[in-house]
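Chemist: Provided below for reference: sequence and predicted model.
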Amino acid sequence: MADAATRLTALAGRLLGEDLPVRIRAWDGSEAGPPGAPVVVLRHRRALRRLLWKPGELGLARAWVAGELDIEGDLYLALDLIAGLIWDRGGDPKDAVHPVRDPRLRAAARELLRLARPLPPPAPPAEELRRRTGRLHTKRRDKQAVSHHYDVGNAFYEVVLGPSMVYSCAYWERPDATLEEAQRDKLELICRKLGLGEGDRLLDVGCGWGSLALHAARHHGAHVVGITLSAEQAAYARKRIAEEGLADRIEIRVQDYRDVRDGPYDAIASIGMAEHVGSVRYREYADALYALLKDGGRLLNHQIARRPEGDEAEYRMDGFIDAYVFPDGELAPLGRTLSTLEDAGFEARDVEAIREHYALTLRQWVANLETGWERAVKLTSPGRARVWRLYMAASALSFEHNRIGVNQVLAVKTPEGGGSGMPLRSRTWGNAP
């Protein structure tokens, strides 16, 4: 009987209708596929059982997180080749191994079952968030989702994010800038778009580890309230603020945006937070921020956007992201975000698309993680580190190929008289003359 790698390569060709562009190395040490290509390593036949019991992305993700499936060689190239083979052909990966009526597919599935051995499905990896209960985007469920993503240890995020401790798209003024320079430039850009001046009150919604709050207070004299649902983030931010002697200018709260009652604020920043809000709450979110701003106040909403679906009712966050990365997260098309902000009363003044910047940022984060791999594993778990490596590398490719984007929307709570306080020239950020 042929070795496992040869059998799997032949099976994949029959199921997909074309040769695999990657090599396969199986648990028995056998290897097959095009020479020089990235190698998909199946360390255990359990990986096949996961695919049989959960065809598609979630099955692949479980095998990856468990360490039963790995990639040797260029990770980005391997992911690109796999995406081009399956996702980019307009199908769903589960269709490739689901033998409906085609006798050839049924025969291939039986062969796959023989290779996998007909045993019960393996338990999901410990890093997978178990099924949540209750209505979507209640305060309690949102707190649970945020905790799953962010409360994995601040030291782990130090490895990935580097000294800036900013977990959102950087802004690359020049291609040879360091990640820390690009993150500093992004924070400065936000403050300039908001027109922050001495004594202005800034609400930082989803404040993370406090980097924007520190920059706004230190360089622009702002008084900042930062809110987060992560207790670990809040503790870390408060420590940084105390060490810099800025506790009189910055307050960090563990608080839901729906519970903020101490407006008006001169400006509001929501950087990489709206993705957690959900479509059922997005108008409520926009209304809440509008109510918290003073007349003439500015909102900077920095948010990942997806391409519109032909049938928006069919949109679902993919299984891997939902189970391992951003539980209950949702992406909206840019047009919907703008419409909702306008429906809430905002005047949209500028949209800046910075999609390519996020690809650069993610590749830097992946490099940080790979350099600090042993420490990252020690701080969390091998599975958690593998989740972040796959998620960030795949996301970088998604931004590069325009599957998703990221936009900074600047909006104003323009008074009835129409005076927006904005400069006449677009992209001349700061206060009105």
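Modeler: Received, thanks. Numbers count the residues shown, from 1 in each chain.

Chemist: By residue count, tell me the biggest helix in the chain.
Modeler: Secondary structure assigned by DSSP state H gives helix 382-400 as the longest helix of the chain.

Chemist: next one: that helix to chain centre, how far?
Modeler: Between the centre of helix 382-400 and the centre of its chain there are 9 Å (CA atoms, centre = their mean, to the nearest Å).

Chemist: Now the helix or strand just after that helix: buried residues?
Modeler: Reading on from helix 382-400 to the C-terminus, the next helix or strand found by DSSP states H and E is strand 404-412. Buried residues in strand 404-412, counted by 16 or more other CB atoms under 10 Å: 405, 406, 407, 408, 409, 410, 411, 412. To be clear about C-beta, it is placed using only N, CA and C from the backbone, and glycine gets the same treatment.

Chemist: contacting residues around the last one?
Modeler: The one in question is residue 412. If you count contacts by CB atoms under 8 Å, 6 or more residues apart in numbering, residue 412 has them with 296, 297, 298, 299, 346, 347, 349, 420, 421, 422.

Chemist: repeat for the fourth one
Modeler: Taking CB under 8 Å, 6+ apart as the contact definition, residue 408 lies against 189, 190, 193, 300, 301, 302, 350, 351, 352, 354.

Chemist: who touches the first one in this structure?
Modeler: Taking CB under 8 Å, 6+ apart as the contact definition, residue 189 lies against 171, 408, 429.

Chemist: nearest to residue 38, of those?
Modeler: For residue 38, the nearest member of the contacts of residue 189 is residue 171. The distance, counting by CB to CB, is 31.4 Å.

Chemist: From what I see, that closest one and residue 356 are in contact.
Modeler: No - at 10.8 Å, residue 171 does not count as touching residue 356 under the criterion of CB atoms under 8 Å.

Chemist: Show me which of those two is the more surrounded one.
Modeler: residue 171 (23 against 15; other CB atoms under 10 Å).

Chemist: Helix or strand: which one has that one?
Modeler: Using DSSP H and E, residue 171 maps to neither a helix nor a strand.

Chemist: What residues sit buried inside stretch 8-19?
Modeler: By neighbour count on 16+ other CB under 10 Å, the buried set for stretch 8-19 is 8, 9, 10, 11, 12, 15, 16.

Chemist: Would you tell me which one of these comes nearest to residue 62?
Modeler: Closest to residue 62, out of all of the buried residues of stretch 8-19 and judged by CB to CB, is residue 8, at 18.0 Å.

Chemist: Tell me the one of the contacts of residue 408 nearest residue 211?
Modeler: Taking CB to CB as the measure, residue 211 sits nearest to residue 190 out of the contacts of residue 408, at 10.5 Å.

Chemist: Now do the phi/psi pair for the closest one.
Modeler: Here the main-chain torsion angles of residue 190 (degrees, to the nearest 10) amount to phi -60, psi -50.

Chemist: and the closest residue to residue 207 other than its chain neighbours, backbone torsions?
Modeler: When the adjacent residues along the chain are set aside, residue 207 lies closest to residue 226, with 2.9 Å between them (CB to CB, 6 or more residues apart in numbering). In terms of degrees, to the nearest 10, the main-chain angles of residue 226 are phi -110, psi 130.
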